[in-house]
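>>> got a predicted structure plus its sequence, pasted below:
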Amino acid sequence: MKPKQRRVLQAVLYELFAILFVGPVLGWLFDEPMGSSLALAVVLSTIALSWNYVFNALFERWEARQPVRGRSWQRRLAHGAGFEGGLTLLLVPVMAGWLDTTAWQAFLANLGLLLFFFFYAVGFTWAFDRVFGLPASAAAAREG
């Protein structure tokens with residue numbers, strides 16, 4: 001699969017599963033009507049989808065320059081931490097505005113979701129790689 005197609009498929013599947021989980025959880029956590037929480041989940045996922053594409057492109061560019069190929073658990077954890085850290089900076093202001101709360105309160109309220117998404121990102125990427133194979137940036141060099 002071409003790198004761009006792979007990144008798009010990965011990002012779309014990641015966000016689809018996230019919306020199906022996050023919409024109902026947001027409604028429950030923030031005592032919001034389901035319509036509002038699903039709309040917020042779609043907005044957050046749209047932002048996350050864009051960040052996913054940009055972050056993975058940057059990560060794969062960095063990864064291609066590394067002398068050790070493959071995706072160890074340490075590399076997967078670094079990927080998850082980098083992705084979620086950047087996403088937090090983007091989403092907290094949106095959540096604070098949508099929920100009419102302070103950025104600090106939105107961040108605190110988000111800790112549970114952020115923790116879930118850290119593990120979800122690592123697990124999803126692992127499962128995606130198992131189903132679709134490693135990208136060229138992480139595949140072992142073939143002897144020719």
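Good, I have the coordinates.

>>> does Val92 really touch Ala103, like I thought?
Yes. Contact criterion CB atoms under 8 Å: Val92 and Ala103 qualify, at 5.4 Å. C-beta coordinates here come from the backbone N, C-alpha and C atoms, glycine included.

>>> low-confidence ranges, the protein, go.
Across the chain, the stretches falling below the confidence threshold (pLDDT under 70) are 140-144.

>>> coming back round to it: neighbour count: Val92 and Ala103, which is higher?
Val92 (20 against 12; other CB atoms under 10 Å).

>>> can you tell me the SS state at Gln66?
Under the three-state scheme (DSSP: H, G, I helix; E, B strand; the rest coil), Gln66 adopts coil.

>>> that one - how many residues pack around it?
If we define neighbours as other CB under 10 Å, then Gln66 has 11 of them.

>>> look up how far Tyr53 lies from it.
Distance of Gln66 to Tyr53, computed by CB to CB, to the nearest Å: 21 Å.

>>> now do the SS call for Ser137.
coil.

>>> so it sits right up against Glu60, yeah?
Yes. Ser137 is within contact range of Glu60, at 4.3 Å (criterion: CB under 8 Å).

>>> touching both of the two, which residues are there?
Pro3 (CB atoms under 8 Å, 6 or more residues apart in numbering).

>>> now do stretch 74-83: distance to the chain's middle.
11 Å (CA atoms, centre = their mean, to the nearest Å).

>>> repeat that for stretch 106-116.
Distance, centroid of stretch 106-116 to centroid of chain: 14 Å (CA atoms, centre = their mean).

>>> ok, now stretch 64-83?
On CA atoms, centre = their mean, the centre of stretch 64-83 falls 15 Å from that of its chain.

>>> and that stretch, how far apart are its ends?
The first residue of stretch 64-83 is 18 Å away from its last residue (CA to CA, to the nearest Å).

>>> can you check stretch 57-70 too?
End-to-end distance (CA to CA), stretch 57-70: 16 Å.

>>> residues in contact with that stretch?
Under CB under 8 Å, 6+ apart, the answer for stretch 57-70 is 3, 7, 75, 79, 82-83, 134-141.
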